[in-house]
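Colleague: Show me the folded form of this:
(chains A and B)
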Amino acid sequence: MAEEKKLFKVKIDNISVEVEPGTTILNAARQIGGEIVPPAMCYYSKLQGSGGKCRTCLVKVSKGSDADPRPMPKLVASCRTTVMDGMEVSNITSPEVLEARKGVVEFLLLNHPLDCPVCDQAGECHLQDLSYEHGADSTRYEFKRRTFDKVDLGDKIKLHMTRCILCYRCVYTADQLTEKREHGILGRGDASEISTYISQSLDNDFIGNVIDVCPVGALTDQTFRFKNRVWFLKPVDAHRDCENPKCCGKTVLWMRGNEIFRVTARKDKYGEVEAFICDTCRFDKKDVKDWIIEGPRKIERHSVISQGHYVNTVKPKDALVEVLDGRQPKLLFNIHSESQVNRPDIDLSKIHGPAHSDDFKK
Amino acid sequence: MQALTNRAKAVDRRPMTFAEKLYIPAIAKGMGITLKHIFQRKATVSFPEKKRDFSPVFRGLHILNRDEEGRERCTACGLCAVACPAEAITMEAAERKPGEENLYREEKYAARYEINMLRCIFCGFCEEACPKDAIYLSETFAPANYQRKGFIYGKDDLLIPDPKEGK
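Modeller: Numbering: from 1, shown residues only, chains lettered A, B, ... in the order given. Have a look, this model is predicted:
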């Protein structure tokens, strides 16, 4: 019989939970779930060693443990602090934590360009959600923001260093998933940036996952660039038998009509991917015939992506054809004969990279 | 049956008297009412010659704005389309190429922008949603047309003329 492990009893926002020793406060909170889970921008449960960078998950430990009931002197990062038996933690019940989090969001947004109208991540951006929920209404920063030029990391991934919050997730992804890491963080402090040192393309298998793990729009899919806004696309669960043994082949297709605009991994409620997918699935399989479609993906009601997606609606029966003895009503005006948008002869998803002025002149 | 209000009047069904049968007093009374209205202020204006002032919050035909340098402000962010309750707005975005900086303000712009005026209800939500001050509802009507296709407004109908070109 296996030796019975002693479980630690912790109290987070006055909700008790029993967790295994070695669990972090953040993961203990995730076991409870709901509103008391601290937000995390850099911690990623699937990547070892991630966390501790962004400080959005700060919590107050009001009682260290049963053995040593003194509170911790400062707010601690819950993704890095392991629980002790009898620990008492307050997250949303502590005004101090909320105030600190507001400050952290302000720091993260200091150099963030706020070019959401242009950014492809808008609508599924964690920084957008975080600043909406925890941030202040306006910025107090008056100085020039740090800017970088845009970089093409190969023909599949676009790097907007200006938007980066230096969470290191992409670095861990490249370390732990791909054969060889080709990018990293150069420089220190304010001058640090994600780079390949000497301009190099990232073309490892599985490197496309850096797009999914990036919480902001710093690393985006070049093949999807400016093609469409995420909230106009319909996310659909699909899978295929991937030749790559490490790839699960279970993805979300972002479709409009029968066009597949992009392929991503499936993300859970914390915005973390359920399983990583290979670059072949992500970039090269943009045909409906390649996939077995399972059904529409459930999107949280509060997300802008869910707008216009009506579930469980019953379409009323059109009685007109019956009344007209089977004749189809005469169509007075077909919108495609006049409209210049969504022309059937131009498939935007088939263009490699973003569309340009000459793509529309055809 | 009991009346709902006590303002109802029973119709007088008695046969008309001789004076009523002449109709002359009734005609004179009616002409009196007409004459009285000749001297009153008219509720209508004769439209093409005389135009009424619009209310300051009037919402009419859309325009797509340019910035001071004549560059298009719209970045095709799609917020107007997502705000539109009638789903009248559609667009397709493109990336600005080097050399097109004098045409478009941001690196992304709307290559196609279309408003279906048959669907539009002129609520002004697009104007409210726009983060770039690109779309405005002007103080003009959408002109009438004999055909439906005349109501599909593309970018060439919506975009204001470039101030630099006039010089």
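Colleague: Now name the helix or strand holding the spatially most central residue of chain B.
Modeller: Taking CA atoms, centre = their mean, the centroid of chain B lies closest to B:Gly60, which sits 4.1 Å from it. Under the criterion of DSSP states H and E, B:Gly60 resides outside all helices and strands.
Colleague: from memory it sits against B:Glu139, does it?
Modeller: Yes: using CB atoms under 8 Å, B:Gly60 is in contact with B:Glu139, at 5.4 Å. C-beta here means a position set from N, CA and C on the backbone, and glycine is covered the same way.
Colleague: residue in chain A nearest to chain B?
Modeller: At 3.4 Å from chain B, A:Pro117 is the closest residue in chain A, using CB to the nearest CB.
Colleague: Count the neighbours of that residue for me.
Modeller: Using other CB atoms under 10 Å in any protein chain shown, A:Pro117 is surrounded by 19 other residues.
Colleague: do the same with A:His183
Modeller: Counted with other CB under 10 Å, A:His183 comes out at 22.
Colleague: Phi first, then psi, for residue 106.
Modeller: Assuming you mean chain A. phi -60, psi -40 (degrees, to the nearest 10).
Colleague: repeat for A:Lys9
Modeller: Main-chain dihedrals, A:Lys9, degrees, to the nearest 10: phi -100, psi 120.
Colleague: same deal with B:Tyr104?
Modeller: Residue torsions, per degrees, to the nearest 10, at B:Tyr104 are phi -130, psi 140.
Colleague: Hmm, A:Asp359 and B:Ala94 touching each other?
Modeller: Yes: using CB under 8 Å, B:Ala94 makes contact with A:Asp359 at a distance of 6.9 Å.
Colleague: Pick out whichever of those two has more residues nearby.
Modeller: Taking other CB under 10 Å, B:Ala94 and A:Asp359 do not tie; B:Ala94 has more neighbours (24 against 16).
Colleague: What separation do you get for the more buried one and chain A?
Modeller: 4 Å (CB to the nearest CB, to the nearest Å).
Colleague: what's that residue sitting at in phi/psi?
Modeller: Here is the backbone geometry of B:Ala94 (degrees, to the nearest 10): phi -140, psi 160.
Colleague: got a list of contacts for the helix or strand bottoming out on mean pLDDT in chain B?
Modeller: The weakest-scoring helix or strand in chain B, judged by mean pLDDT, DSSP states H and E, is helix B:163-166 (a mean of 74). Outside helix B:163-166, the residues that touch it by CB atoms under 8 Å, 6 or more residues apart in numbering or on different chains are B:Arg66, B:Glu69, B:Gly70.
Colleague: Which helix in chain B has the most residues?
Modeller: helix B:24-38 (DSSP state H).
Colleague: who touches that one?
Modeller: B:Ala19, B:Glu20.
Colleague: so where's chain A shaky on pLDDT?
Modeller: Residue ranges of chain A with pLDDT under 70: A:1-3, A:197-199, A:362.
Colleague: Close to chain B: what parts of chain A are there?
Modeller: Proximity of chain A to chain B is confined to A:115-118, A:122, A:225-229, A:231-232, A:304, A:307-308, A:332-333, A:335, A:337-342, A:348, A:353-357, A:359-360 under the rule CB under 8 Å from any CB of the partner chain.
Colleague: From the residues you listed, keep the buried residues only.
Modeller: A:115-118, A:122, A:225-229, A:231-232, A:304, A:335, A:338-342, A:348, A:353-356, A:359 (16 or more other CB atoms under 10 Å in any protein chain shown).
Colleague: Only C-alpha atoms, please: export stretch B:92-100 in PDB.
Modeller: Taking C-alpha atoms only, stretch B:92-100 is exported to PDB below (Å, rounded to 0.1, in the frame of the first residue of the first chain):
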ATOM      1  CA  GLU B  92     -11.500  43.700 -45.600                       C
ATOM      2  CA  ALA B  93      -8.100  44.800 -44.200                       C
ATOM      3  CA  ALA B  94      -4.700  45.000 -45.900                       C
ATOM      4  CA  GLU B  95      -1.200  45.800 -44.800                       C
ATOM      5  CA  ARG B  96       0.300  49.100 -45.900                       C
ATOM      6  CA  LYS B  97       3.300  48.700 -48.200                       C
ATOM      7  CA  PRO B  98       6.400  50.900 -48.000                       C
ATOM      8  CA  GLY B  99       5.600  53.900 -50.100                       C
ATOM      9  CA  GLU B 100       2.000  54.100 -49.200                       C
END
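Colleague: can you pull the buried residues of it?
Modeller: For stretch B:92-100, using 16+ other CB under 10 Å, the buried residues are B:Glu92, B:Ala93, B:Ala94, B:Glu95, B:Arg96.
Colleague: possible to save those residues as JSON lines with pLDDT, secondary structure and distance to A:Glu322?
Modeller: As requested, the buried residues of stretch B:92-100 are exported to JSON lines (pLDDT from 0 to 100; DSSP: H, G, I helix; E, B strand; the rest coil; distance: CB to CB, whole Å):
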{"residue": "B:Glu92", "pLDDT": "92", "secondary structure": "strand", "distance to A:Glu322": "38"}
{"residue": "B:Ala93", "pLDDT": "93", "secondary structure": "strand", "distance to A:Glu322": "42"}
{"residue": "B:Ala94", "pLDDT": "92", "secondary structure": "strand", "distance to A:Glu322": "45"}
{"residue": "B:Glu95", "pLDDT": "93", "secondary structure": "strand", "distance to A:Glu322": "49"}
{"residue": "B:Arg96", "pLDDT": "92", "secondary structure": "coil", "distance to A:Glu322": "52"}
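Colleague: Closest one of these to A:Ala265?
Modeller: The nearest member of the buried residues of stretch B:92-100 to A:Ala265, counting by CB to CB, is B:Ala93 at 24.6 Å.
Colleague: can you pull the contacts of the closest one?
Modeller: Taking CB under 8 Å, 6+ apart, one finds A:Phe226, A:Lys227, A:Asn228, A:Pro354, A:Ala355, B:Thr75, B:Ala76, B:Lys108, B:Tyr109, B:Ala110, B:Ala111 in contact with B:Ala93.
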